[in-house]
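Undergrad: I would like the atomic coordinates for the input below:
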Amino acid sequence: MENLNIPELFGSLVFNDKVMRERLSEDVYASLKKTIDENVKLDETQLDAIAEEMKNWALENGATHFTHWFQPLTGVTAEKHDSFISPAPDGGVLMEFTGKDLIKGEPDASSFPSGGLRATFEARGYTAWDPTSYAFIKDHTLCIPTAFCSYSGEALDKKTPLLRSMQAVNRQAKRILKLFGTEAKYVKTCVGPEQEYFLIDKEVFSKRPDLKYTGRTLFGALPPKGQEMDDHYFGVIKPRVSEFMRDLNNELWKLGILAKTEHNEVAPAQHELAPIYSTTNIATDSNQLTMEIMKKVADRHGMVCLLHEKPFAGVNGSGKHNNWSISTDTGVNLLSPGNSPYENAQFLLFLCAVIQAVDDYQDLLRLSVATAGNDHRLGANEAPPAIISVFLGEELTAILDAIKNDTPYQGREEVKIKLGVHSLPRFSRDTTDRNRTSPFAFTGNKFEFRSLGSSNSIACCNIMLNAAVSESLRQYADELEASENFEEDLHTLIKRVITEHQRILFDGNGYGEEWIKEATEVRGLSNLKTTADAMPHLLDKKNVDMLIAHKVFTEAEIHSRCEIMLENYVKTVNIEGLTMVDLVRKNYLPAIERYLYRLSQTTVLMRQVSDNVKCKYEVSTMERLSELTDCIMDSVISLEDALREFKEIDNIFRSSEYVRDEMLPRMDTLRKYVDEAEMLTSQRDWPFPSYGQLLFSVN
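TA: Have a look, this model is predicted:
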C-alpha cells in the first residue's frame with residue numbers, strides 16, 4: 001500500500017492561501033487577502049499579476065485549460081474549457097491568461113434555467129470570479145469558482161444569492177456585537193454538510209433503466225432481508241467500499257476538501273461522508289465537488305454512486321445534514337454557550353435570533369429543501385417530518401423556561417457515566433441527548449438542519465437560513481441601538497422572543513402522529529408535505545419583502561426561482577411517469593405473459609399425465625397474475641391519460657398540483673401491482689435485477 005504524506009497531499013491542487021503567499025508579491029497578496037477575509041472591493045490593478053501566477057502554478061501542475069466553474073439553477077455545476085494557448089508570431093504558441101480572463105467569462109446562458117428572467121433568444125451571460133473560493137485543478141483544467149448572471153445582471157446561479165446572504169449576516173451581526181462592546185472585522189457563517197449516498201455494482205446498475213433515467217427504482221419488491229437487523233449501521237466496511245473511500249479521500253484532500261468521517265449508514269449499501277466545517281461559500285463549493293468526485297471514483301471501482309434521496313422504496317433514503325454555525329473573524333463561535341449559558345447574554349440573543357428566524361420563516365426553510373426526490377423521504381420515519389421545529393435539549397430548554405417565567409435557573413450538575421467496569425474510564429455526560437427526529441436541532445455549538453436531501457446543493461437552505469437570521473438580528477439591533485437601559489431592555493427582549501416563539505420549540509418524537517396533530521392544530525405550525533405545497537410560499541409577501549430588504553434576491557429573481565423549482569419538480573415526475581409506462585409496456589407485462597405461458601403449458605402437460613394432479617401452485621399463480629396484468633394494464637392506461645392531461649396544462653402552479661394530486665397517486669398504484677407481480681413471477685423471467693441483487697451487489 002502506498003504511503004501517503006497527507007499534509008503534503010492536502011490542497012496540492014488548490015491555489016490556496018499558502019500558494020498565494022509564496023507566489024504573489026507582498027502588496028498583491030495583502031490586497032487579495034483583505035478582499036477574501038473582509039469582503040472589500042478587489043483592486044483591479046493587480047488582476048494581471050494574480051492571473052499570471054495562477055496560470056504558472058496551474059501549468060506546473062499539469063493543467064492545459066482553464067474554466068469558469070459555476071453553479072447554475074440546474075442543481076449541478078457547469079464549465080466551459082478554454083486552453084491557455086495563444087498564437088505566437090513564429091507559428092508556435094504562447095501560454096496566456098490575463099486578468100480579464102480571470103475575472104470575467106461569457107458562457108452561453110440560453111439553455112440554462114432562468115424562470116423568465118430573460119427570453120430564450122437572449123443568449124449572453126456572464127461569469128464573475130469569486131476570490132473568496134480558491135481556484136483548483138480538476139482533470140488538467142484550472143477551475144475558477146465564479147458567480148453567474150444574465151446580460152442584465154440578474155443572478156442565474158446559487159452562489160450569488162448565497163454570498164449576498166452571508167453579507168447580510170455579517171452586516172447585522174456586527175451591529176449586535178458592537179452593542180456588547182465587540183468590534184469584529186467580519187462575521188461569517190460556517191457549515192459542515194454530512195453527505196449520505198448508496199454504492200451499487202455498476203454491472204447490476206446497468207440493467208436497471210429506471211435507475212439510469214431517474215436515479216431511483218420506480219419498481220421493486222422488498223428483499224427478505226433489508227435493514228431490520230441494524231447490522232449495517234457503523235458495521236465493518238467491506239473491502240471494495242473501503243478501497244473506494246480511500247481513493248475518494250485522496251481525491252478530496254488534493255482539492256483541499258476536509259473529508260473527515262466515513263461509515264456505513266442504516267440501509268444496506270448506504271454510507272456517509274462528513275467534512276470538517278468551513279465557511280459556507282467554500283463548504284457549498286466543496287460539497288458540489290464532493291458529489292461529482294464520488295461518482296467518478298465509484299466508476300473507477302466498478303460501482304455507481306446513487307445520490308437520489310430515495311433510490312429504494314421501503315429502506316432508508318439519503319439526506320445531507322447541514323451543520324450551521326456563526327463566528328467572528330477571530331474564531332469566536334457565537335452559538336457556543338460556554339460554561340454558563342444562563343449568564344451568557346450574547347449567546348442567548350444569537351440563540352433567540354435563530355429560534356425566531358426558524359419560526360417566522362419556517363415555510364422558507366421547508367421550501368429550501370423541497371424537491372421531487374426529497375418529498376419521498378421527509379416524514380417517512382427515517383428523516384425529519386415536513387413540519388419544521390427546533391430541538392434545544394434539556395439544559396437550554398430549562399434556561400429559556402427560567403427566563404420566560406422570571407424564575408431562578410438551577411444549574412445542572414455534571415453527570416459522570418459509570419459503566420460498571422473498573423478498567424473503563426468514566427466520562428462526563430453531554431448536557432443534552434440527540435434527537436434524530438428533529439428537523440432543526442441544537443447540537444452543542446451549532447444547529448443541525450437535517451431536512452436537506454442528499455442530491456441538493458446546500459446553497460438553497462443556507463441562503464434562506466442566513467437571510468432569516470439576518471432579519472431577526474436586524475430587528476434586535478434596531479431596538480437595542482435605541483435603548484437607554486441596555487441590560488434591562490436586553491432581558492426584556494430575550495424574554496419576549498422566547499415567549500412569542502415558544503411554539504417552534506419541540507424536544508419530543510417528531511415521527512409521532514400526535515405531534516403532527518399538536519403542531520398543526522394547537523401550535524399553528526405549517527405542514528407543507530410536498531414541493532407543490534411548499535414552493536408557492538416563496539412568493540408570500542412577508543418572504544419577498546424580507547429577501548429584498550436584505551438584498552439577497554430581487555423580486556424578479558424570487559419569481560424566477562419559484563418557477564424554476566416547480567418546473568424541476570413537474571419535469572422530474574413526468575420523466576418518471578414516462579419511464580414507468582415504457583418499462584411496463586415493453587418489459588414487465590411481456591415478462592409476466594411469458595411466465596404465464598410457461599405455467600399454462602406446464603399445467604396442461606401435468607394434467608395429461610394424471611387427472612389427479614391438482615396444480616394448485618400453477619393455477620393459483622396464474623389466476624392472480626392474470627388479475628394483476630389486468631390491474632397493471634388499467635393503471636398504465638390511467639397513467640398515460642394523466643401524462644396527456646399534464647401536457648395540456650400551461651400554468652406551473654396548476655401543473656405542480658396536478659402532479660401531486662393525479663400523477664403521483666397513479667404511479668403509486670401502478671407500482672403496487674407490478675411489485676406484487678414480481679413476487680409471483682420466477683426470477684428467470686423477471687426482466688430486471690431485484691432489490692436484493694441491487695442492495696447486496698457490492699461485496
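Undergrad: C-alpha from now on. contacts and neighbour counts both.
TA: Will do.
Undergrad: next SSE after the strand or helix carrying Ile293?
TA: Assigned by DSSP states H and E, Ile293 belongs to helix 280-300. Next in sequence after helix 280-300, counting helices and strands by DSSP H and E, comes strand 303-306.
Undergrad: residues making contact with that following strand?
TA: Strand 303-306 has contacts (CA atoms under 8 Å, 6 or more residues apart in numbering) with 197-203, 205, 215, 294-295, 298-299, 698.
Undergrad: again, 10 Å this time
TA: Outside strand 303-306, the residues that touch it by CA atoms under 10 Å, 6 or more residues apart in numbering are 196-206, 211, 215-216, 240-241, 244, 269-270, 291-299, 318, 454-455, 697-698.
Undergrad: from those, keep the buried residues only.
TA: Among these, the ones that count as buried by 16 or more other CA atoms under 10 Å are 196-202, 204-205, 211, 215-216, 241, 244, 269-270, 291, 293-295, 297-298, 318, 454-455, 697-698.
Undergrad: in its sheet, which strands sit next to the helix or strand harbouring Trp69, and in what direction?
TA: For Trp69, the host element (DSSP H and E) is strand 65-69. Strand pairing for strand 65-69, using DSSP bridges, gives strand 81-83 (antiparallel), strand 141-150 (parallel).
Undergrad: any idea which of the ones you listed is most buried?
TA: Looking across the strands paired with strand 65-69 with neighbours counted as mean count of other CA atoms under 10 Å, the highest average goes to strand 141-150: a mean of 25.
Undergrad: and the next helix-or-strand element following it, how far out from the chain middle?
TA: Later in the chain than strand 141-150, the nearest helix or strand by DSSP H and E is helix 159-179. For helix 159-179, the separation from the chain centroid amounts to 22 Å (computed by CA atoms, centre = their mean, to the nearest Å).
Undergrad: buried residues of helix 159-179, list them for me.
TA: Neighbour count says helix 159-179 has 159-177 buried, by 16+ other CA under 10 Å.
Undergrad: which neighbouring elements make contact with that helix?
TA: For helix 159-179, the packing partners by 3 or more CA pairs under 10 Å, 6 or more residues apart in numbering; DSSP states H and E come out as strand 141-150, strand 187-201, helix 280-300, strand 320-328, helix 345-360, helix 459-481, helix 541-549.
Undergrad: show residues contacting the helix or strand just after the longest one.
TA: Meaning helix 459-481. Sequence order places helix 486-500 as the next helix or strand after helix 459-481, per DSSP H and E. The contact list for helix 486-500 (CA under 10 Å, 6+ apart) reads 179-180, 345-346, 348-353, 355-356, 359, 400-406, 472, 476, 479-480, 482-483, 502, 504-505.
Undergrad: report the buried members of those residues.
TA: Counted by 16+ other CA under 10 Å, those give 345-346, 348-353, 355-356, 359, 400-404, 472, 476, 480, 502, 504-505 as buried.
Undergrad: ok, back up a step: any chance of the strands paired with strand 65-69 in a markdown table, plus distance to Lys41 and mean pLDDT?
TA: Below are these laid out as a markdown table (distance: least, CA to CA, whole Å; pLDDT from 0 to 100):
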| stretch | distance to Lys41 | mean pLDDT |
| --- | --- | --- |
| strand 81-83 | 27 | 94 |
| strand 141-150 | 15 | 94 |
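Undergrad: quick check: Ala370 touching Glu309?
TA: No: using CA atoms under 10 Å, Ala370 is not in contact with Glu309; the gap is 11.2 Å.
Undergrad: quickly list what's touching both of the two.
TA: 378, 452-453, 456.
Undergrad: which one of those residues is nearest Asn5?
TA: The shortest approach to Asn5 among the shared contacts of Ala370 and Glu309 belongs to Asn456, at 32.9 Å (CA to CA).
Undergrad: neighbours of the closest one, how many?
TA: The tally of other residues near Asn456 (other CA atoms under 10 Å) stands at 25.
Undergrad: pull the contacting residues for it.
TA: Going by CA under 10 Å, 6+ apart, Asn456 touches 75-76, 287-288, 291, 307-309, 319-320, 368-371, 373-374.
Undergrad: roughly how far does it sit from Asn339?
TA: Distance, Asn456 to Asn339, by CA to CA, to the nearest Å: 36 Å.
Undergrad: equivalent analysis for Met166, please.
TA: Plainly put, Met166 is 28 Å away from Asn339 if you go by CA to CA.
Undergrad: could you measure from Ser133 over to Met663?
TA: Noted for Ser133: a distance of 42 Å to Met663, by CA to CA.
Undergrad: comparing these two, which residue is more hemmed in?
TA: Counted by other CA under 10 Å, Ser133 and Met663 do not tie: Met663 has more neighbours, with 25 against 20.
Undergrad: for the closest residue to Phe198 other than its chain neighbours, grab phi and psi.
TA: The shortest distance from Phe198 to any non-neighbouring residue, by CA to CA, 6 or more residues apart in numbering, is to Gln270 (4.3 Å). Backbone torsions of Gln270, given as degrees, to the nearest 10, read phi -100, psi 140.
Undergrad: residues in contact with Gln270?
TA: Shown in contact with Gln270 (CA under 10 Å, 6+ apart): 196-200, 232-233, 263-264, 305-306, 315-318, 695.
Undergrad: pretty sure Ile403 is in contact with Tyr409, am I right?
TA: Yes: under the criterion of CA under 10 Å, Ile403 lies in contact with Tyr409, with a separation of 8.0 Å.
Undergrad: circling back: so which of the helices and strands packed on helix 159-179 comes closest to Thr681?
TA: Closest among those, once you apply CA to CA, is strand 187-201, at 23.9 Å.
Undergrad: direction included, what does the closest one pair up with?
TA: strand 270-275 (antiparallel), strand 278-279 (antiparallel), strand 303-306 (antiparallel), strand 320-328 (antiparallel).
Undergrad: got these as JSON lines, with distance to Arg585 and mean pLDDT columns?
TA: Shown next, in JSON lines, are these (distance: least, CA to CA, whole Å; pLDDT from 0 to 100):
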{"stretch": "strand 270-275", "distance to Arg585": "31", "mean pLDDT": "95"}
{"stretch": "strand 278-279", "distance to Arg585": "49", "mean pLDDT": "95"}
{"stretch": "strand 303-306", "distance to Arg585": "26", "mean pLDDT": "98"}
{"stretch": "strand 320-328", "distance to Arg585": "36", "mean pLDDT": "96"}
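Undergrad: circling back to that earlier point, do you know how far the residue nearest to Phe198 is from Arg561?
TA: Gln270 sits at a distance of 32 Å from Arg561 (criterion: CA to CA).
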